[in-house]
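>>> how would this look folded up:
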Amino acid sequence: MNKKPMMQRLAKPMLFSAALIWGSSFLLMKNSLDSLPVQYLLAFRFTLGTALTALICWNRWKKMTRDYLWRGAVVGACLYMAYNLQTYGLELTTPSKNAFLTAVYCVLVPFLSWLVVKLKPDRYNIIAAVLCVAGVGFVSLEGDLTVNAGDALTLCGAVFFAAHIVAVAKLSPGKDIYLLTTFQFAFFALYAWIGGALTETFPTQLGGDVLLSLAYLGVMATCVALLFQNVGQVNSDPASASVILSLESVFGVIFSVIFYGDPVTAKLLLGFALIFVAVLCSETKFSFLRKKEIKS
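Numbering: from 1, shown residues only. I've put the predicted structure just below:
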């Protein structure tokens, strides 16, 4: 009886911690790309994540059935495409822009859900989409009204992040989410190893700083953050969970400005603010404002 209240009290700190971990990973990914090709960076990260998640879920393997394989392959493919596009985009843009543009997936999810499960978006989703497009314009459009290639790749990655969320919602009912996540990571790692073998040269020398970055990305950003997200969402309402997790982008900017030296301009801040309000609108429908009006 005492455990449930305790987990409810820890839910929001767990979600907050997950957002903080993922926000910090943008900077580490940027630095790691200086020493590792994209495919092998992702392969190392998700191989470690797979091993750790499989060990943590050791007592759930008795639930394993063959359909976990194709489900994991599909969900893993969506996540693989998302991370590939995001990571290649990160090579060509700044960590702060990469972090915020990735957050667009929160707004895209309702529209992809409409296509897949025929659930029509409401007016708040439309408002969020308009705000998001405006914010993306301020963040990505340069002086000559062109979009940086890294920004475009990051936005495509956001589409696949949204597809990944919809795929999990479609394929996870009736399945153990921890086992499905393990197979998702395993297939992701397999795709990355194949991609690396076909397109890149295997890195033979890795410095200690790169190994530390890989350890952080595999242990914290892949395994720990995912478990924090799952446990936090189970013990919290979805609207609050989504808003807290969307702070990943804010943390990405903060870490980027502090450690990477990204320039902060009024135009960039305005774009970030619009995207954040769009995410807030899409995920909460401003219910907290309506509650205040009712109370007053």
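>>> For Thr182, which residues are in contact?
Thr50, Thr53, Ala54, Cys57, Gly72 (CB atoms under 8 Å, 6 or more residues apart in numbering). In this view, the C-beta of every residue, glycine as well, is placed from N, C-alpha and C.
>>> try 7 Å this time
Thr182 makes contact with Thr50, Thr53, Ala54, Cys57, according to CB atoms under 7 Å, 6 or more residues apart in numbering.
>>> Mind checking which of the residues you listed are in helices?
Using DSSP state H to define helices, the subset of the contacts of Thr182 located there is Thr50, Thr53, Ala54.
>>> I figured the first one hits Ala186, correct?
Yes. Under the contact definition of CB atoms under 7 Å, Thr50 touches Ala186, with a separation of 4.7 Å.
>>> more neighbours, these two?
Regarding Thr50 and Ala186, a neighbour count based on other CB atoms under 10 Å identifies Thr50 as having more, with 24 against 21.
>>> one step back: nearest to Leu212 among the contacts of Thr182?
Within these, distances to Leu212 taken as CB to CB reach their minimum at Thr50, with 19.7 Å.
>>> Tell me how far that closest one lies from Phe183.
Summarising the geometry, the distance separating Thr50 from Phe183, computed by CB to CB, to the nearest Å, is 9 Å.
>>> what pLDDT does the nearest residue to Ala103 once chain neighbours are set aside get?
Of all residues not flanking Ala103 in the chain, Ser249 sits nearest, at 4.1 Å (CB to CB, 6 or more residues apart in numbering). Model confidence at Ser249, expressed as pLDDT, equals 73.
>>> And the helices in this protein, which stretches?
Counting by DSSP H, the chain forms helices over residues 3-32, 38-56, 67-92, 95-102, 105-117, 123-140, 149-171, 177-199, 208-216, 225-234, 238-255, 266-284, 287-295, given from the N-terminal end onward.
>>> Which of the ones you listed has the highest mean neighbour count?
Per residue and on average, the most neighbours among the helices of the chain fall to helix 95-102, with a mean of 26 (mean count of other CB atoms under 10 Å).
>>> Let's see that one as PDB, backbone CA atoms only.
Once side chains and other backbone atoms are set aside, the C-alpha atoms of helix 95-102 remain, and they are given as PDB (Å, rounded to 0.1, in the frame of the first residue of the first chain):
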ATOM      1  CA  PRO A  95      22.800  20.800 -31.100                       C
ATOM      2  CA  SER A  96      20.300  23.400 -29.900                       C
ATOM      3  CA  LYS A  97      18.500  23.500 -33.200                       C
ATOM      4  CA  ASN A  98      18.600  19.700 -33.500                       C
ATOM      5  CA  ALA A  99      17.100  19.300 -30.100                       C
ATOM      6  CA  PHE A 100      14.200  21.700 -30.700                       C
ATOM      7  CA  LEU A 101      13.400  20.600 -34.200                       C
ATOM      8  CA  THR A 102      13.300  17.000 -33.000                       C
END
